[in-house]
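**Q** Give me a model of this one.
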Amino acid sequence: MPRHPFIQFLFCGLVTLFFTSCGIRKSLNNLPDVSSYNASIPERSKINDSTYVVGNSFLTKNTQGLWELYVEGDALERGLISGRLSEEIIYKQEGVFLDKIESMVPSEGQQKFLKKFLSWYNRKMYQHVPEEFKAEIYGISRYMSADFDAIATPYLRALYLHGAHDIGHALQDLALVGCTSFAAWDEKTEDGQLLIGRNFDFYAGDKFAEDKVVSFINPDHGYKFMSISWSGFIGVVSGMNEKGLTVTLNAGKSKIPLVAKTPISIVTREILQYASTIDEAIAIAKKREVFVSEAIMVGSAIDQKAVLIEVSPKNFGVYEVENSDELICSNHFQSDAYKKDRRNKKTIQNSHSQYRYDRMQQLLEEKDKMTPKKAVSVLRNKDGLDDKAIGFGNEKALNQLLAHHGIVFKPEELKVWVSANPYQLGEFVAYDLNTVFENRDGNPSTVTVSNAAFNIPKDPFLETEAYKNYEMYRILERKVEHSLKEKETLDDTELQKLSELNPNYWKAYYLAGRYHYQHKNFTIALKNFENASTKEITTLPDAEQVSKYIKKSKRKLK
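**A** Just a heads-up that it's a prediction; the model follows:
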């Protein structure tokens, strides 16, 4: 299994989806009632290879490579239009999911065991998703391919993919997703206005990251809003509505429940569509039953501040800073409700959450009077505490060089900046919700939503030799991990190259050590493990593992 927590987090969810197909089929009669909605939509017009129009709605790819989706109407219309506009991208995304599932499916015996256990998970999720959102998901599913029906019917496939993230989280009880976010206001920003920045450290393969979608949703009920995610997904991981209310997700440590309930991205979608203030957001979060632990950072232009709503299956807390005008969120909880929580304490001790929290605090202190450009520079920072070089890709860095996206919100002005590929290093594309929903008359000339004059340039790091070396390192790292799994032989020069390409990264030496240990080259293995121990190791369990290999290698040499 891939080692990075979020890869495991997602993949386990996908494997879960694969194995719960039997349980899913038991819910075939639980289709949403869409009889009250408009089931008729206009034909799709193709303007060019990257621009499609359906009525007043459209999908287009901007010059930075981000897909921009604008959709309006009732729940079913929104789903049908989104599905029709995006069906090719949805097909591609499903193919990526299936490829990953096939690579993760274990032995036949394990499959039989998991089928019996995991078939329970999804049996009641449909009861915990609002009817409006089920109708929207159903509309999208009408344009999903039958090629993948062996897993489940299109609607149920679409519905349960919204919970794959949560299910993987719950079943694996993993180390944590390494997302980091912050909010600053009053004395901490240049103009005193609220400013929010976040990295969504999501990686499910390079192909998956190719097609990010910035969605602009104009519903018949509730508030207009924007979010960024991927095709076929109506949940929200990062977004802002027309009232200047923002939501971002940060995972927490979870217990293993016996049944799936409301996917956390559906909770945040409901908040974004129906809340204008922090109190309204809290009220919505309180009424939904979740089955994983998450911190939801909610920023509010009306309240001119941000708070954390910390939810879990059996607990609920709200964290608000006192006598401060900045808020930081990594992956541990901070509210009084979780002060004595054993899992939360373990997270702080064993993971890299506290380290990233402290690093964010350092950078916010250095970047006096925060601006959007300064916020982007914080999100792109690749160093450790006190500017220590800790290796590219280290999960202790705010920028782990794997993020699905970075995003910056200026809620009081309804402005947002979204990163283009790769990671959060590409240009941050500016959008203004004051104008983005205006003049949507289906005219192809209005098929544009970005505000290019305010874009933030790409990171100069992209033009460096260090970046090129890192990309080569990523490829070589996967090759070495594969060789360890399959017990294949590599050239010694490739193992040496691993640390040459990323000399400050502990894992480069650790993997080389593992390889030489496996092939009984204990002297070389020991040298690599000792080198790894001098670097900034990601977590306490990782450090303990390196120490264990040092002792084992020394014993082998006696």
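**Q** Could I get the CA-only coordinates of the helix or strand hosting P541 as CSV?
**A** Using DSSP states H and E, P541 maps to helix 540-557. Extracted in CSV, the C-alpha atoms of helix 540-557 (Å, rounded to 0.1, in the frame of the first residue of the first chain):
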residue,chain,number,x,y,z
LEU,A,540,7.5,9.2,15.8
PRO,A,541,6.6,5.7,14.5
ASP,A,542,8.8,6.4,11.5
ALA,A,543,11.7,7.4,13.7
GLU,A,544,11.2,4.3,15.8
GLN,A,545,11.3,2.2,12.6
VAL,A,546,14.6,3.7,11.5
SER,A,547,16.0,3.1,15.0
LYS,A,548,14.8,-0.5,14.9
TYR,A,549,16.6,-1.1,11.6
ILE,A,550,19.8,0.4,12.9
LYS,A,551,19.8,-2.1,15.8
LYS,A,552,18.9,-5.0,13.5
SER,A,553,21.6,-4.1,11.0
LYS,A,554,24.2,-3.9,13.8
ARG,A,555,23.1,-7.3,15.1
LYS,A,556,23.5,-8.8,11.6
LEU,A,557,27.1,-7.5,11.4
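**Q** which parts of that helix are buried?
**A** D542, A543, Q545, V546, Y549, I550, S553 (16 or more other Cβ atoms under 10 Å). Backbone N, C-alpha and C define where each C-beta goes, glycine included.
**Q** What sits closest to the third one if chain neighbours are left out?
**A** What that stands for is Q545. Using Cβ to Cβ, 6 or more residues apart in numbering and skipping the chain neighbours, the partner closest in space to Q545 is Y510 (8.0 Å).
**Q** Ok, the last one next?
**A** Across the structure, with Cβ to Cβ, 6+ apart as the measure, the residue nearest S553 apart from its sequence neighbours is L526 (3.9 Å).
**Q** quick one on the thing from earlier: return the member of the buried residues of helix 540-557 nearest to F182.
**A** The closest of these to F182 turns out to be D542 (Cβ to Cβ; 25.5 Å).
**Q** In three-state terms, label the residue nearest to the spatial centre of the chain for me.
**A** In the chain, the centroid-proximal residue (Cα atoms, centre = their mean) is F202; its distance is 3.9 Å. Of the three states, F202 takes coil under DSSP: H, G, I helix; E, B strand; the rest coil.
**Q** and the residue lying closest to N350 once chain neighbours are set aside, what does it touch?
**A** Excluding the flanking residues, the one nearest N350 by Cβ to Cβ, 6+ apart is L540, at 4.6 Å. Taking Cβ atoms under 8 Å, 6 or more residues apart in numbering, we find L540 in contact with Q349, N350, S351.
**Q** which helix is the longest one in this protein?
**A** Taking DSSP state H as the criterion, the chain has its longest helix at helix 75-104.
**Q** Any regions of the stretch 401-550 of the chain where pLDDT drops low?
**A** The model of the stretch 401-550 of the chain has pLDDT under 70 over residues 441-448.
**Q** That one: helices as residue ranges?
**A** Shown for the stretch 401-550 of the chain, the helices assigned by DSSP state H, counting those that start in this stretch span residues 465-486, 492-501, 506-518, 522-533, 540-557.
**Q** what sits against I302?
**A** K243, G244, L245, S276, T277.
**Q** rewinding a little: the longest helix of the chain - what's its average pLDDT?
**A** If you average the pLDDT over helix 75-104, you get 87.
**Q** What is that helix packed up against?
**A** Where contact means 3 or more Cβ pairs under 8 Å, 6 or more residues apart in numbering; DSSP states H and E, helix 75-104 is packed against helix 5-19, strand 51-54, strand 57-61, strand 67-73, helix 131-141, strand 212-219.
**Q** who wins for most neighbours among the contacts of I302?
**A** For the contacts of I302, neighbours were counted using other Cβ atoms under 10 Å, and L245 has the most, 28 neighbours in all.
**Q** From what I see, that residue and Y274 are in contact.
**A** No. Applying Cβ atoms under 8 Å as the test, L245 and Y274 come out as separate, 9.8 Å apart.
**Q** overlap in contacts of the two?
**A** In contact with both L245 and Y274: Y223, using Cβ under 8 Å, 6+ apart.
**Q** Relative to F291, how far out is K479?
**A** From K479 across to F291, the span is 37 Å (Cβ to Cβ, to the nearest Å).
**Q** I misspoke; the intended subject was K345.
**A** K345 is 21 Å from F291, by Cβ to Cβ.
**Q** Quick check on those two: which one has the bigger neighbour count.
**A** Set side by side, K345 and F291 show more neighbours around F291, with 25 against 15, by other Cβ under 10 Å.
**Q** from memory the more buried one sits against K261, does it?
**A** Yes. If you go by Cβ under 8 Å, F291 and K261 touch, sitting 4.5 Å apart.
**Q** what touches both of those two?
**A** Joint contacts of F291 and K261 (Cβ under 8 Å, 6+ apart) are P313.
**Q** hmm, back to that, pick the most deeply packed of the helices of the stretch 401-550 of the chain.
**A** Most buried of those, by mean neighbour count (mean count of other Cβ atoms under 10 Å): helix 506-518, with a mean of 23.
**Q** distance between the helix or strand containing A375 and the chain's centre?
**A** Following DSSP H and E, the helix or strand that holds A375 is helix 372-379. Helix 372-379 sits 19 Å away from the centroid of its parent chain (Cα atoms, centre = their mean, to the nearest Å).
**Q** Would you check that I140 makes contact with L76?
**A** No. The criterion here is Cβ under 8 Å, and I140 misses it with L76 at 10.0 Å.
**Q** Which per-residue confidence value corresponds to K112?
**A** Here, the pLDDT recorded for K112 equals 53.
**Q** What of K314?
**A** 88.
**Q** heads up, I number from 439, so please use that
**A** Noted, 439 is the first residue going forward, which turns the last one into K752.
**Q** Let me know the distance separating it from N494.
**A** For K752, the distance to N494 equals 44 Å [Cβ to Cβ].
**Q** now E718
**A** 28 Å.
**Q** now do R522
**A** With Cβ to Cβ as the criterion, R522 and N494 are 13 Å apart.
**Q** And P895, by the same measure?
**A** 33 Å.
**Q** for N872, same thing?
**A** Taken as Cβ to Cβ, the span from N872 to N494 is 19 Å.
**Q** If you count surrounding residues, which of these two has more?
**A** N494 (18 against 12).
**Q** you'd agree F620 is in a strand?
**A** Yes. Looking at F620 with three-state DSSP, it is inside a strand.
**Q** wait, M808 sits on L633?
**A** Yes. M808 lies in contact with L633 (Cβ under 8 Å); the separation is 5.4 Å.
**Q** which of the two has more neighbours?
**A** Neighbours were counted for M808 and for L633 using other Cβ under 10 Å; L633 has more, 28 against 24.
**Q** who's in contact with that one?
**A** L633 touches A621, A622, W623, T627, M808, T809, P810, A813, V846, F847, K848, counting by Cβ under 8 Å, 6+ apart.
**Q** relative to helix 944-956, how tilted is the helix holding P979?
**A** Orientation of helix 978-995 against helix 944-956 (axes from the mean of the first three to the mean of the last three Cα atoms, to 10 degrees) gives an angle of 30 degrees.
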